[in-house]
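Enquirer: Give the three-dimensional model of this entry:
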Amino acid sequence: MQFQQLQYFVAVAETRHFTRAAELVHVAQPSLSQQIKALERELGADLFRRARGNITLTDAGEALLPLARRILADTETARHEVQEVAQLRGGRVRLGATPSLCTGLLPDVLRAFHDRYPGVRLLIEEGGSHDLVRELARGALDLALVVLPLPTPSPALTTVELLREDLVVVSSPDATRPGRGRGTVRIADLEGERLVMFRHGYDLRELTVAACRAEGFEPEFAVEGGEMDAVLGFVRAGLGVAVVPRMVAARSGHGLRVTPLARPGLHRAIALAHRSDVAPPRAARELQRMLLER
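Expert: Model (predicted):
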């Protein structure tokens, strides 16, 4: 049973005339009649009674008509939905990002993408780079913003470095700033300071702890285990200082003192990752382009 045959059958059923039906579907009348006969042979039943020029439906035709109309309607719906996605009037993008990138980098980019493609749904998953890599590999995400180097490098993923971001020290305005009044803070100045620290597995935790150990001391924690919003809140409350990305500090609003790290400072590389074996959907490729061109 072919889609075209059902289309011809419905046209004849609605016009009750083979010639007018052929004109309606823009096909020669003999070709339409042949396709109707082929459909009847396949189904093993006559669909029309043809008597003295009067065309009426048989019982088999009456049974097929609502089903054929539904199939044609569903096909039209499918065609429309695919065109919506192809023209970026619909569809979705599943994007993973670390919490700090959700706070610092994504809001402006996602706003620009939504303004341009309001019909595309944005599904965001926050997680550490390790978790996001796993979700990408199993096909649960289209794209992910991760911190390099990846915890478990995989040839199944393609990564493109997006930017390098400076880290800064944030503290409560009422607290004594590390660095003894200088305009910058050295990593060595954090010795003896009580740090507000992220949870285990957080990229910023590993980076900060490794930098302190490279200076020959073990960092002290006032509180640990939080995500980005919690860490910033604890710093505002005066519990300690924290090392965070510059973009996050810039968007964090009032209530924090931001101090750059002295050269060479601390930096992190942000990359956009996707599976190597499957091209991202068109909407995801458009978001990828906007991220790379930001």
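
Enquirer: Please compute how far the longest strand along the chain lies from its chain's middle.
Expert: Longest strand in the chain, counting residues (DSSP state E): strand 157-171. Taking Cα atoms, centre = their mean, to the nearest Å, one finds strand 157-171 lying 20 Å from the centre of the chain it belongs to.

Enquirer: Partner strands of it, with direction?
Expert: strand 242-245 (antiparallel), strand 257-260 (antiparallel), strand 267-275 (antiparallel) (DSSP bridges).

Enquirer: Looking at these, which is nearest to residue 17?
Expert: strand 267-275 (54.3 Å; Cβ to Cβ). Quick note: C-beta positions are derived from backbone N, CA and C, even for glycine.

Enquirer: Centre of the chain to the closest one, how far?
Expert: 15 Å.

Enquirer: What are the buried residues along that strand?
Expert: Within strand 267-275, the residues scored as buried using 16 or more other Cβ atoms under 10 Å are 268, 270-275.

Enquirer: wait, residue 88 sits on residue 287?
Expert: No - using Cβ atoms under 8 Å, residue 88 makes no contact with residue 287, being 10.2 Å away.

Enquirer: neighbour count winner among the two?
Expert: Per other Cβ atoms under 10 Å, whichever of residue 88 and residue 287 has more neighbours is residue 287, with 25 against 15.

Enquirer: In what element of secondary structure is residue 123 found?
Expert: Using DSSP states H and E, residue 123 sits within strand 121-126.

Enquirer: Show me what that strand is packed against.
Expert: Applying 3 or more Cβ pairs under 8 Å, 6 or more residues apart in numbering; DSSP states H and E, one finds that strand 121-126 makes contact with strand 92-97, helix 99-104, helix 106-116.

Enquirer: Can you say which of those is nearest to residue 50?
Expert: strand 92-97 (49.9 Å).
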